[in-house]
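K.L.:
Kindly return the folded structure for what I paste below:
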Amino acid sequence: MSPPALEVADIFRDHGQAWLAANRGHVSLEQMKVMTAVERCRTAALGGHVARCENEACGHLHIAYNSCRNRHCPKCQATAAQDWLEAREAELLPVGYFHVVFTLPTPIADIAFQNKRVVYDLLFKASAETMLTIAADPKHLGARIGITAVLHTWGSAMTHHPHVHMIVPGGGISLDGSKWISCRKTFLLSFSVLSQLFKRLFLEKLIKAHDDRLLNFYGEHAGLADRVTFDAFLKPLRKLNWYVNIKDPFAGPEAVLAYLSRYTHRVAISNRRLVRVDADGVAFRYKDYRAGHRERWKTMTLTPHEFIRRFLSHVLPKGFHRIRHYGLFANGNRATNIARARALLSVHMATNDEADNVEDANPDEARTLNLPCPCCGGRMIIIEVFAAGMEPKHRPSPEAIDSS
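P.N.:
Take a look at the predicted model:
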């Protein structure tokens, strides 16, 4: 039998307590909660259920432990992403979609690291306002567009690299609401125009946050609390070209969903990128974007403590929304705006009567696992549910225990 795959949880269990002791007083409550959740995820500590194959001649037993459902857990994102995508599928429009990325310059990212809630929020607001403003300008598109934006705070090596990914339809509703205006097939908006406005809007909002005393500065950045020093710090950034990238449009709505599934619920590192954990440290695969395409994937080794530090540095503040919708997709009027866009695009939408024709699930039907029996392909019927910290009464063979 092959050894179990490496997991971030293993690193937390083996080295987490020592890391916490070495960093006592510098670890947030949210970071500690993430460590605990990841360690307990899909273990007996959270309870679970036992399923048995419906085929009596087979009788295969399978035990599965419950997930922690923490949004930073590498194990829990696939199901969360699928549920989110299913909810978004009905909202897709039959037009091309573009992928737009807004990235903060490194000096601003350093400030963001000490002011995550404030600066990440400014990144969302400035990038969305930039897109909506330029799209509404008749010299560019002259339309109200929709935006789904996702915050990522990491690079491939888990360094701090805050940026926002946006998925944007290739067009929008005219400002008077009378028609759908499509952009050119391979061109949404000018990235240079977006870059200049994004830089101006973000810096204006950042300066206001400084004036409102919303920013904190520590260590080598402590002097930035002084407004004159802060202005001097920002001066060279005004001359830089801020990174805004618009990627080629997707082939269609289905491709958008496949792409979104790789971005909406991603965490700083997935378990599958871990290579080994030994006396030399934690080795993992990362992508070096400066190298040639074939040589991009490389292996990096960090001490366990540095690995944990990097992973936990991407824990978001409590209650902070990392997926947001703007313009036509803003939560308040999303359904109305999408219905209007579909009407202008002459797209059929299911009526309430059609929706009512879908058969409801039988509430008396036995609960089953999503996966069939690995032995005979039959349905796996859940026969026992056990509480957190308890052991199941039915015990399958060791290889049938699912903790992946």
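K.L.:
what stretches of this protein score poorly on pLDDT?
P.N.:
The chain contains residues with pLDDT under 70 at 1-3, 253, 347-366, 396-404.
K.L.:
any idea how far residue 113 is from the residue nearest to residue 13 when sequence neighbours are not counted?
P.N.:
Residue nearest to residue 13 in three dimensions, not counting chain neighbours: residue 39, with 5.5 Å by Cβ to Cβ, 6 or more residues apart in numbering. For glycine as for every other residue, the C-beta is placed from the backbone atoms N, C-alpha and C. In this view, residue 39 and residue 113 are 25 Å apart by Cβ to Cβ, to the nearest Å.
K.L.:
Same question for the residue nearest to residue 13, what's its three-state structure.
P.N.:
helix (DSSP: H, G, I helix; E, B strand; the rest coil).
K.L.:
Do I have it right that it meets residue 16?
P.N.:
Yes: here residue 39 reaches residue 16: they are 7.0 Å apart, a contact under Cβ atoms under 8 Å.
K.L.:
give the contact list for the closest residue to residue 84 other than its chain neighbours.
P.N.:
Sequence neighbours aside, residue 264 is the residue nearest to residue 84 in space, at 5.8 Å (criterion: Cβ to Cβ, 6+ apart). Contact analysis of residue 264 by Cβ atoms under 8 Å, 6 or more residues apart in numbering lists 81, 84-85, 150, 323.
K.L.:
again with residue 96
P.N.:
So residue 96 contacts 169-170, 185, 249-250, 252 (Cβ under 8 Å, 6+ apart).
K.L.:
Repeat the analysis, applying 10 Å as the threshold.
P.N.:
168-171, 182-186, 188, 248-253, 255-256 (Cβ atoms under 10 Å, 6 or more residues apart in numbering).
K.L.:
Now, of those residues, which are buried?
P.N.:
Among the contacts of residue 96, the ones that count as buried by 16 or more other Cβ atoms under 10 Å are 168-171, 183, 188, 249-250, 253, 256.
K.L.:
Among these, which one sits closest to residue 8?
P.N.:
Set against residue 8, the nearest of those by Cβ to Cβ is residue 256 (29.1 Å).
K.L.:
just checking, the closest one is part of a helix?
P.N.:
Yes: assessed with three-state DSSP, residue 256 lies in a helix.
K.L.:
What is the neighbour count of the closest residue to it other than its chain neighbours?
P.N.:
Distances taken as Cβ to Cβ, 6+ apart place residue 97 nearest to residue 256, at 4.6 Å, with adjacent residues excluded. Residue 97 is flanked by 24 other residues according to other Cβ atoms under 10 Å.
K.L.:
Please apply the same query to the one 10 residues further on.
P.N.:
Counted with other Cβ under 10 Å, the neighbours of residue 107 add up to 14.
K.L.:
In terms of helices and strands, where is it?
P.N.:
According to DSSP states H and E, residue 107 maps onto helix 106-114.
K.L.:
And the contacts of that helix?
P.N.:
103-104, 118-120, 122-123, 153, 159-163, 202-203, 206, 209-210, 215-222, 224, 230, 233-234, 236-237, 240, 242, 313.
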